[in-house]
Each structure stands twice: as structure tokens, then as C-alpha cells.
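In: got a predicted model here, sequence first, then my questions.
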Amino acid sequence: MMKNETPLQNNHITYLIQMKMNNKYRKKKKLFNLKFTLMEVVVSIAILAIGVITSLQITASGTNRMGKAVTRWKVQHMLSQAAEYYLIAGPKEQIPDLFFPYEEYRASCEIGIPDLQEGIETTYGENWNLVKLTIRITDNEGNVVGKIEMDKILRTEDIK
């Protein structure tokens with residue numbers, strides 16, 4: 001006991017300290033005394049596994065779709081580059097690497113007869129003809145990865 005404390009105050013302080021200690025002990029005891037049944041543990045693990053598997057499937061699906069979109073974009077971009085070059089330079093020219101920098105792909109252009117209604121002429125004057133250009137992008141194995149068809153008016157000497 002301190003000099004200025006009365007026995008009642010001393011008991012009150014001791015009581016408060018004991019209560020605080022008992023509360024700490026009870027909290028610790030409650031944390032370590034949590035009991036789960038085997039069924040609860042199995043169900044919680046199953047729910048967790050379903051969540052993890054679902055998120056992995058969503059991620060894999062998104063990655064797959066992104067890869068396909070990149071491939072489609074690349075093929076469309078190659079077709080656009082080849083079409084622009086053949087429309088400007090002519091269908092008989094070979095595309096230089098500067099304009100078509102894809103080593104694993106090749107571009108080719110074929111001249112054909114356009115699909116028109118009967119009775120419509122494909123020649124205009126003496127020197128001009130309407131033709132169908134078919135531009136194909138192939139890989140190194142010869143598989144066609146992309147194709148585009150367009151009509152263009154060419155001079156007769158550019159066709160032959």
C-alpha cells in the first residue's frame with residue numbers, strides 16, 4: 001500500500017488489474033479454443049478451391065482471347081499494308097522488306113476477272129480494264145492466313 005492510499009482504493013486497483021489480466025487470458029483462450037468440425041473445414045476448403053479455379057479459368061480465357069485478337073489484328077495489318085502497296089505500285093511488283101517487314105509471312109497479288117452482272121463491260125476505252133485484285137498473306141508453309149479482294153481499274157499493259 002502507498003502512503004496516501006486507503007485499503008479500499010488498494011483493493012479497487014488490485015481488482016482492476018486482475019480483471020484486465022483475466023480478460024487477456026479469456027481472449028487468448030477463446031482464440032485457441034476455436035473448434036471446427038471436419039465438415040466445416042472441408043466445405044470451406046472446397047469453396048476456396050472453387051474460387052481459385054474460377055479465377056484461373058477467367059484469367060486463362062482472357063489471355064487466350066487476347067492472343068487471338070492480336071493475331072487477327074496482325075493479319076489485318078499485314079493485309080492493309082500489302083493492299084496499299086499493290087494499289088500504289090501495281091499488282092506485278094514485289095513488296096520490299098521496308099514496306100512488309102514480316103519474315104515469316106509473304107504477300108502475293110493475283111489479277112482476276114471481277115464479279116459483275118451480265119452485260120457490264122470490264123473495258124473502258126482502249127487502255128483501261130476493271131480487274132479484281134486478290135491479295136493473300138501466306139506463312140512459310142504456304143498456308144493462307146488472310147485474303148482480301150478488291151476491284152481496280154488498270155491499264156492494259158499493267159495486266160499482262
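Out: That came in fine, so what should we check first? Numbers count the residues shown, from 1 in each chain.

In: tell me the pLDDT at I159?
Out: Note for I159: predicted pLDDT of 76.

In: can you count the residues close to it?
Out: For I159, the count of nearby residues is 12 (other CB atoms under 10 Å). The way it works is simple: take the backbone N, C-alpha and C, and place the C-beta from them, glycine included.

In: that one and I111 touch, don't they?
Out: Yes: with contact defined as CB atoms under 8 Å, I159 counts as touching I111 (5.9 Å).

In: got any residues that touch both of these two?
Out: V131 (CB atoms under 8 Å, 6 or more residues apart in numbering).

In: which residues in this protein form helices?
Out: 7-32, 38-89, 156-159 (DSSP state H).

In: isn't Q76 up against K147?
Out: No: taking contacts as CB under 8 Å, Q76 lies outside contact range of K147: 11.4 Å.

In: mind checking which of the helices of the chain is nearest I120?
Out: In terms of CB to CB, the element of the helices of the chain nearest to I120 is helix 156-159, at 17.9 Å.

In: buried set for the closest one?
Out: Under the neighbour-count criterion of 16 or more other CB atoms under 10 Å, helix 156-159 has D158 buried.

In: can you check stretch 136-156 too?
Out: Result for stretch 136-156 [16+ other CB under 10 Å]: buried residues 136-137, 145-146, 152, 154.

In: please narrow those to those residing in strands.
Out: Among the buried residues of stretch 136-156, the members found in strands (DSSP state E) are 136-137, 145-146, 152, 154.

In: ok, these vs T37, which is closest?
Out: V145 (58.6 Å).

In: quickly note the distance from that closest one to R72.
Out: 10 Å (CB to CB, to the nearest Å).

In: for G146, same thing?
Out: Distance of G146 to R72, computed by CB to CB: 9 Å.

In: what is the burial count for I135?
Out: Other residues lying near I135 total 23 when counted by other CB under 10 Å.

In: my bad, should have said P91
Out: 18.

In: OK, contacts around it?
Out: P91 neighbours (CB under 8 Å, 6+ apart): 109-111, 133, 154, 158.

In: now render those residues as TSV, adding distance to Y124.
Out: As requested, the contacts of P91 are exported to TSV (distance: CB to CB, whole Å):
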residue	distance to Y124
C109	21
E110	21
I111	16
L133	17
L154	10
D158	14
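
In: pLDDT-wise, what's the bottom of these?
Out: Out of the contacts of P91, that is D158, at 78.

In: angles on the backbone of the residue nearest to it when sequence neighbours are not counted, please.
Out: Counting by CB to CB, 6 or more residues apart in numbering, D158 lies nearest to G90, which is 5.5 Å off, once chain neighbours are set aside. Main-chain torsions, G90, degrees, to the nearest 10: phi 110, psi 160.
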